[in-house]
Each structure stands twice: as structure tokens, then as C-alpha cells.
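S.K.: with the sequence up front, the predicted model follows.
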Amino acid sequence: MKDEILNLFAYESNLIFTDIKKKLKIRSNLLSYWLNQLIKKAIIEKHNNSYSLSESSEHLIPYLSKNKSILPVILIQISNSSSCFLFKRTKRPYKSFFSLPGGRILVGESLKSASERIMKTKFNIEIKQTKIRSISLEHVKKKNKIIYSFILILVTAKPLSEITLTNINKNKKLIIPSDYKIIKSKSNISNLPIILSKN
């Protein structure tokens, strides 16, 4: 019910109680409960008789949808001809596999600043000269059903100090399959490969 209430604010900046009740076809006491929960969490604000998203929750608008969206992430490749900087994942999917470093791009960040932040905060590595190398679409499947989809923006970078690299070919079976393909690919920004991976 929380998501259904929030979804209404993707179309209207202010709504009164009776309008929300009519649109959602919900009992008054149940609607009051959910509105109060959202107010306590500072997601919704009440002004006189109308409700609106709080200023700190306006960023939710692009995400208010019943449809699942593809998540854009940045991957950072620091490598030479045979080795690459990789780390062992502790999260699903692909827990315990070697992975390229990466993460979400925060609102207001450039690809360069996102890459620098991720490498500094996660690995204490400072980098320079980021360059977009490829963009790809990855679907992660489980039991023949797509459970996650990512747009992978691969950038190459150079570390400002010496770091330890992992041999790619010797560790092929331990690397996320799509990451291995990306590392080995000679693609560039004009080539948009579609990669299907299984969890």
C-alpha cells in the first residue's frame, strides 16, 4: 500500500485525503494508518488538509513505478595485457566471485567523479584518466527467469600508486562470467554488446 500511495505523487504534487481514498479505493482507517507511517518516516508531509512528498523524498519520483527498472552501474577497469584489478564479492549475485570494482552513479556525479569515489571509498585507491570503453546490457537469470538487469558502463582508469592485479586467464573460472567477457572484449563505445549471465 505504501508504494501505491507514493505512486500517486508521481502525478500530483498535492493530494487531499478524500482524493487518495477514491483513487486507491481503500478504507479510511487503513489509509490513515499508511499516511501516518509515511509522515513518521518523513517521506510525506501534511499541510492543512493536503499531503505532499517531503523535499527530501522528491528524488523518489523517477523510481515510483510498478515496473522494475534496469539499474545503471559503472565498472572500473585497471589492467595491463594479462592482469586486472579485481576483488572478491561479498554480496549476491555472484557472491565469492572475483569482480571488477564498480557501483551506482549518484545523483549529480559525472562518470569520472563516480569512478574516483568508488575506488577511493571502497578500496582506498586514487585513480586518474577515466575513459569510457564500452556500454553493455546484462541480464542475470535464475531458473530461466531474469531477476536483475544492469546497464554496465565500463571505464578504464590508471592508479596513482602501485596496486596488486589478478591474472585474468589463471582465474577465469573464479571471475564473474560477464566481467570476464567485458575484460577480454575489444569493444568500444560504438559497440553495445548484450550479455546474458546466469547466477
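M.R.: Arrived safely.
S.K.: I'd like to know how many residues surround Leu24.
M.R.: For Leu24, the neighbour count with other C-beta atoms under 10 Å is 16. No exception for glycine: its C-beta is placed from N, CA and C like everyone else's.
S.K.: tell me the pLDDT at it?
M.R.: If you check Leu24, the pLDDT there is 93.
S.K.: contacts only, for it.
M.R.: Residues in contact with Leu24 (C-beta atoms under 8 Å, 6 or more residues apart in numbering) are Met1, Glu4, Ile5, Leu8, Leu31.
S.K.: top of these by neighbour count?
M.R.: Highest neighbour count within the contacts of Leu24: Ile5, with 22 neighbours (other C-beta under 10 Å).
S.K.: surely it is in a helix?
M.R.: Yes: judged by DSSP: H, G, I helix; E, B strand; the rest coil, Ile5 forms part of a helix.
S.K.: in which helix or strand does the closest residue in space to it that isn't next to it in sequence reside?
M.R.: Leaving aside its sequence neighbours, Ile5 sits nearest to Trp34 (C-beta to C-beta, 6 or more residues apart in numbering; 5.8 Å). Assigned by DSSP states H and E, Trp34 belongs to helix 28-40.
S.K.: average pLDDT across that helix?
M.R.: Rounded mean pLDDT across helix 28-40 is 93.
S.K.: moving C-terminal of that helix, what's the next helix or strand?
M.R.: Later in the chain than helix 28-40, the nearest helix or strand by DSSP H and E is strand 44-47.
S.K.: show me what the following helix or strand past that following strand is packed up against.
M.R.: Sequence order places strand 50-53 as the next helix or strand after strand 44-47, per DSSP H and E. Judged by 3 or more C-beta pairs under 8 Å, 6 or more residues apart in numbering; DSSP states H and E, the packing partners of strand 50-53 are strand 15-16, strand 44-47.
S.K.: give the buried residues for strand 50-53.
M.R.: Tyr51, Ser52, Leu53 (16 or more other C-beta atoms under 10 Å).
S.K.: quick one: contacts for the first one?
M.R.: Tyr51 is in contact with Asn14, Leu15, Ile16, Phe17, Ile20, Leu35, Ile44, Glu45, counting by C-beta under 8 Å, 6+ apart.
S.K.: before we move on, back to that, export the helices and strands packed on strand 50-53 to JSON lines and append columns for mean pLDDT, distance to Lys173 and mean neighbour count.
M.R.: As requested, the helices and strands packed on strand 50-53 are exported to JSON lines (pLDDT from 0 to 100; distance: least, C-beta to C-beta, whole Å; neighbours: other C-beta atoms under 10 Å):
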{"stretch": "strand 15-16", "mean pLDDT": "93", "distance to Lys173": "54", "mean neighbour count": "16"}
{"stretch": "strand 44-47", "mean pLDDT": "93", "distance to Lys173": "49", "mean neighbour count": "15"}
